[in-house]
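J.: 3D model of this:
(one chain, ligands or ions: 3)
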Amino acid sequence: MDLVNSLNGRLLFAVPKKGRLNQATLNLLEGADIQFRRENRLDIALVKNLPIALIFLPAADIPTFVGQGRVDLGITGWDQVKEHDAGVNAAAASAGAPSSSSGTESIMELEFGACKLQVQVPEKGVYTSSADLIGRTVGTSFVNLTAEYFAQLEAQAGGSSPSGKLQTTIIELSGSVEAACALGVADGIVDLVESGETMRAAGLKAIDTVVESVAVLIKSRSPSNPELVDLIASRIRGVITAQRYVLCQYNIERSGIEAATRITPGKRAPTITTLDDGWVAVSSMVEKKKIALVMDELTRVGAHDILVLDIHNTR
Ligand SMILES: Nc1ncnc2c1ncn2[C@@H]1O[C@H](COP(=O)(O)OP(=O)(O)OP(=O)(O)O)[C@@H](O)[C@H]1O
Ligand SMILES: O=P(O)(O)OC[C@H]1O[C@H](OP(=O)(O)OP(=O)(O)O)[C@H](O)[C@@H]1O
Ligand SMILES: [Mg+2]
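T.: Numbering: from 1, shown residues only. Ligands and ions are numbered 1, 2, ... in the order given. This next block holds a predicted model:
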């Protein structure tokens, strides 16, 4: 098969090929009924039921492909989008050009991959604020955001050199960044924190947040097929909403309906069905994180036979 020719006329959609965002992204594609079979070792997969090709790329590279318009759509971390933007701005500044936009547009936040890019220092060390790291060495995979962050800090401290050259040394590391302080490679690091387990295990503490991140769906400024982009976005939004809600069903005496539907007003309105002898059945979407409380309150106002069901999809 001539792979390049087979991409003709297809919308190109970049997805993380490994790492923290890979599995959640594959689940999302499955929920949106985007069907494909990926050949072993091949980073391109043709979608069977839509004119789309999936391109498997490292999360960090996806904003570059989308930003240059080589790929129409992508899923990556917001941190990676900001890192790419900071790189584009730094390149423009060093060329004496005005800061330009990176060419990516965020369509929506996806409800996974939440983490924070944080400045971290040894827990029992001499550094207590980011300003203490000015003129020191900082290890990170996010060199552009880190350079931008310290440039601002240096400017605030009034110590920025006339040439605009950074006093703080940024060392680029591609993984296991937390090891850098213990091994003397860096005085502090800028890396991602979710649970904080990796940071604490390395004897580090966070002293500031550079960016708060979550996975995002992004598109290029001029996608090849805007209608298809809208269709995919709408399908993905449906899956995300379905994941956030559960369906709560219960029976209640008609006299209790007002109190009960105040507890479960639904996304738009609850569905109410009349049963025999003065009872009604209510069915309503409830935010998953609130369901335990909602069930407590429904019981209190006299609801019976409360059922909670997963929703697979919604529009
Ligand atoms: N611990 C985490 N919790 C939540 N999201 C994370 C976490 N670590 C990374 N991410 C998100 O996932 C994105 C990709 O990071 P990840 O480290 O998974 O990719 P990778 O570096 O390509 O893979 P690997 O680290 O396995 O080589 C990050 O930019 C961030 O948005
Ligand atoms: O706060 P936590 O829940 O511990 O998660 C944070 C860790 O997760 C990521 O590492 P990853 O697993 O991608 O390994 P890496 O350092 O090799 O990239 C990130 O770079 C942190 O090290
Ligand atoms: Mg990683």
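
J.: For Thr314, give its distance to ligand 2.
T.: In this view, Thr314 and ligand 2 are 30 Å apart by Cβ to the nearest ligand atom, to the nearest Å. Using the backbone N, CA and C atoms, a C-beta is placed for each residue, glycine as well.

J.: nearest residue to Arg10 other than its sequence neighbours?
T.: Ala53 (4.4 Å; Cβ to Cβ, 6 or more residues apart in numbering).

J.: Just to be sure, Met295 is in a helix?
T.: Yes. Assessed with DSSP: H, G, I helix; E, B strand; the rest coil, Met295 lies in a helix.

J.: OK, contacts around it?
T.: Cys248, Ile306, Val308 (Cβ atoms under 8 Å, 6 or more residues apart in numbering).

J.: which of those are buried?
T.: Among those, those scoring as buried are Cys248, Ile306 (criterion: 16 or more other Cβ atoms under 10 Å).

J.: Can I get the contacts of Met295 in a markdown table including distance to Pro98, pLDDT and secondary structure?
T.: Listed next are the contacts of Met295 as a markdown table, based on distance: Cβ to Cβ, whole Å; pLDDT from 0 to 100; DSSP: H, G, I helix; E, B strand; the rest coil:
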| residue | distance to Pro98 | pLDDT | secondary structure |
| --- | --- | --- | --- |
| Cys248 | 53 | 97 | strand |
| Ile306 | 59 | 98 | strand |
| Val308 | 54 | 98 | strand |
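
J.: which one of the contacts of Met295 sits closest to Gln23?
T.: For those, the closest approach to Gln23 (Cβ to Cβ) belongs to Val308, at 25.0 Å.

J.: Next, count neighbours for the closest residue to ligand 1 within the stretch 101-250 of the chain.
T.: Taking Cβ to the nearest ligand atom, ligand 1 has its nearest neighbour within the stretch 101-250 of the chain at Glu194, 3.3 Å off. Residues near Glu194, counting by other Cβ atoms under 10 Å, number 13.

J.: Quick check, it in contact with Cys115.
T.: Yes. Counting by Cβ atoms under 8 Å, Cys115 is a contact partner of Glu194 at 4.3 Å.

J.: Give me the neighbour count for the residue nearest to Arg10.
T.: That count, for Ala53 with other Cβ under 10 Å as the rule, works out to 22.

J.: Give me the three-state assignment for it.
T.: Per three-state DSSP, Ala53 ends up strand.

J.: any idea how far Val47 is from it?
T.: 7 Å (Cβ to Cβ, to the nearest Å).

J.: got it, and Val138?
T.: 42 Å.

J.: Between these two, tell me which one has more neighbours.
T.: Of the pair Val138 and Val47, Val138 is the one with more neighbours under other Cβ under 10 Å, namely 26 against 18.
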